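Colleague: take this sequence and fold it.
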Amino acid sequence: MAYIMTTEAEIIQKAGAGKNAAFDTTMMTAANLRAESLVCCVARYDLSTNYGTLKTYAKLLLNDICSSFAAIEGICYDMSGYTTRIEAEDMINTLRDGMLRNLAILRDMKVREFIING
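Modeller: Coordinates of the predicted model:
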């Protein structure tokens, strides 16, 4: 199992140029699997298995959650590549805020039903 809800390229883009190269494909895959597990638990539905049946708007929401989660882990892995620690923390805060907003949307049962049933 690898990337279902996002791509490695999106994680790298969100983590930025300061991301340590040691945060590699294996680590990004593990972070993404944790993100997908989180999404499924919040939705109380196996969105990973049923991802192919979802509408584009639902896929984009899930993609943003998972890529943000994995990018945050990439930034936290090693902040030394960023101009300052504050820069890295600002990136984490921005990604976290968007991720939490999207998780709150997903947590709403009416939205979950809309996502699942189109």
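Colleague: okay, now the unreliable bits of the chain?
Modeller: 1 (pLDDT under 70).
Colleague: where do the helices sit along this structure?
Modeller: Counting by DSSP state H, the chain has these helices, from start to end: 8-15, 25-43, 56-77, 85-107, 109-117.
Colleague: need the winner for burial among these.
Modeller: helix 56-77 (a mean of 21; mean count of other CB atoms under 10 Å). No exception for glycine: its C-beta is placed from N, CA and C like everyone else's.
Colleague: so which elements touch that one?
Modeller: For helix 56-77, the packing partners by 3 or more CB pairs under 8 Å, 6 or more residues apart in numbering; DSSP states H and E come out as helix 8-15, helix 25-43, helix 85-107.
Colleague: and those helices as JSON lines, adding distance to L62?
Modeller: Shown next, in JSON lines, are the helices and strands packed on helix 56-77 (distance: least, CB to CB, whole Å):
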{"stretch": "helix 8-15", "distance to L62": "12"}
{"stretch": "helix 25-43", "distance to L62": "6"}
{"stretch": "helix 85-107", "distance to L62": "8"}
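Colleague: keeping just the C-alphas, turn stretch 65-84 into PDB.
Modeller: Coordinates of each C-alpha in stretch 65-84 appear next as PDB, following Å, rounded to 0.1, in the frame of the first residue of the first chain:
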ATOM      1  CA  ILE A  65      -5.400  16.600   4.500                       C
ATOM      2  CA  CYS A  66      -2.900  13.800   3.700                       C
ATOM      3  CA  SER A  67      -0.300  15.900   1.900                       C
ATOM      4  CA  SER A  68      -0.400  18.500   4.700                       C
ATOM      5  CA  PHE A  69       0.000  15.800   7.300                       C
ATOM      6  CA  ALA A  70       3.000  14.200   5.600                       C
ATOM      7  CA  ALA A  71       4.600  17.500   4.800                       C
ATOM      8  CA  ILE A  72       4.400  18.500   8.500                       C
ATOM      9  CA  GLU A  73       6.200  15.300   9.400                       C
ATOM     10  CA  GLY A  74       8.800  16.100   6.800                       C
ATOM     11  CA  ILE A  75       9.400  19.600   8.100                       C
ATOM     12  CA  CYS A  76       9.500  18.300  11.700                       C
ATOM     13  CA  TYR A  77      12.000  15.600  10.800                       C
ATOM     14  CA  ASP A  78      14.700  18.100  10.400                       C
ATOM     15  CA  MET A  79      14.200  21.900  10.400                       C
ATOM     16  CA  SER A  80      17.900  22.700   9.700                       C
ATOM     17  CA  GLY A  81      17.300  23.100   6.000                       C
ATOM     18  CA  TYR A  82      15.000  26.100   6.500                       C
ATOM     19  CA  THR A  83      16.200  29.700   6.700                       C
ATOM     20  CA  THR A  84      15.100  29.800  10.300                       C
END
